[in-house]
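A.B. asks: fold the following.
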Amino acid sequence: MASTLSSDPIIFYDIASGPPIRPYAPNPWKTRYALNFKRANFVTKWVDLSEVTSTRKSLGADPVRFFGNGEPFYTLPIIKDMSADTIVGDSFDIAVYLDKKYPNSPSLFRHSIGLYAAFNSHIDSIFPIGGRLFSAGQPFNPETEEKTKAELCRRFGAKSWDDFTLRGEERRKAVAAYEVALGEAAKYFRFSDGPFIGGKEADYADIIIGGWLMFLSQTVAEWDEIRIWHGGVWGKLHDALEPYRGTW
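C.D. replies: Model prediction:
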């Protein structure tokens, strides 16, 4: 989506799915939503999952996440603002940057930045709980799939990719447990008349959850079930954010 504030596009580095390419990863989706919400002028630079580490290093973007043993966890998104020669490499920091860069478009933050930062951390502690439910639906690039799986197994200490995969009754138990886990996030909608947390208008809190919902819709076979959990708040929010998805 175009902006009248600058003719120089922001380069948005997003994780590419296997062909046909489509965005799917949760944190890059937070940034894609934010860019479209702010009506920013941007272009997408697709990065294969196997090249995320080398891409981040080549851009000089320090890691913002780490494994329990202290090893850097190189991730996307990253944006490079060509008009300001600026690189930002964290989805939350990107949102803050965009709100300052595009002050004349709708604000992502209607309350204190600290409140949203705490909310982001809380949501990011809840949604990944379903981790093993995500593995079977990961849209890998067939050309690099085995390499990527091997690296993910190394990072998470799994003997093989099959260790991540849940089937049958074991999977149904995990789905039920995930419904309970997401109930903690559903509490934020308790006093909302929807579809957004604050009612009828979206802000960055909705985008934080929306990024995860896009990921679930792309990777979890039980997405149609998830949509109607907790009074249907997830499906309603997911659908309401559609105007901010843009094209790719």
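
A.B. asks: for stretch 222-241, list the C-alpha coordinates in CSV.
C.D. replies: Presented in CSV, the C-alpha positions along stretch 222-241 are these (Å, rounded to 0.1, in the frame of the first residue of the first chain):
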residue,chain,number,x,y,z
GLU,A,222,-7.6,-27.9,13.2
TRP,A,223,-7.9,-24.2,12.3
ASP,A,224,-11.6,-24.4,11.7
GLU,A,225,-12.0,-25.7,15.3
ILE,A,226,-9.8,-22.9,16.7
ARG,A,227,-11.8,-20.2,14.9
ILE,A,228,-14.8,-21.0,17.1
TRP,A,229,-13.1,-21.5,20.4
HIS,A,230,-13.9,-19.1,23.3
GLY,A,231,-17.1,-17.7,21.7
GLY,A,232,-15.5,-17.4,18.3
VAL,A,233,-13.2,-14.5,19.2
TRP,A,234,-10.3,-15.9,17.1
GLY,A,235,-12.3,-16.3,13.9
LYS,A,236,-13.9,-12.9,14.3
LEU,A,237,-10.6,-11.1,14.8
HIS,A,238,-8.9,-13.0,12.0
ASP,A,239,-11.7,-12.0,9.5
ALA,A,240,-11.8,-8.4,10.8
LEU,A,241,-8.1,-7.9,10.0
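
A.B. asks: what bridges to D48?
C.D. replies: Taking DSSP bridges as the rule, D48 bridges to A16.

A.B. asks: correct me if wrong: it contacts P142.
C.D. replies: No. Judged on Cβ atoms under 8 Å, D48 makes no contact with P142 at a distance of 11.1 Å. In short, each C-beta sits where N, CA and C put it, glycine included.

A.B. asks: got phi/psi on W234?
C.D. replies: In terms of degrees, to the nearest 10, the main-chain angles of W234 are phi -70, psi -40.

A.B. asks: same question for stretch 164-182, mean pLDDT?
C.D. replies: The pLDDT scores in stretch 164-182 average 95.

A.B. asks: which parts of that stretch are buried?
C.D. replies: For stretch 164-182, burial by neighbour count (16 or more other Cβ atoms under 10 Å) applies to 164, 166, 171, 174-175, 178-179, 182.

A.B. asks: so how far is it off the chain centroid?
C.D. replies: The chain centre lies 21 Å from the centre of stretch 164-182; the measure is Cα atoms, centre = their mean, to the nearest Å.

A.B. asks: before we move on, what about stretch 106-118?
C.D. replies: 17 Å.

A.B. asks: quick one: buried residues of that stretch?
C.D. replies: By 16+ other Cβ under 10 Å, the buried positions in stretch 106-118 come out as 108, 116.

A.B. asks: may I see the buried residues of stretch 164-182 arranged in a markdown table, with secondary structure and distance to F73 as well?
C.D. replies: Putting the buried residues of stretch 164-182 into a markdown table (DSSP: H, G, I helix; E, B strand; the rest coil; distance: Cβ to Cβ, whole Å) gives the following:
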| residue | secondary structure | distance to F73 |
| --- | --- | --- |
| F164 | helix | 17 |
| L166 | coil | 23 |
| R171 | helix | 26 |
| A174 | helix | 23 |
| V175 | helix | 27 |
| Y178 | helix | 23 |
| E179 | helix | 28 |
| L182 | helix | 24 |
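
A.B. asks: thanks a lot, catch you later.
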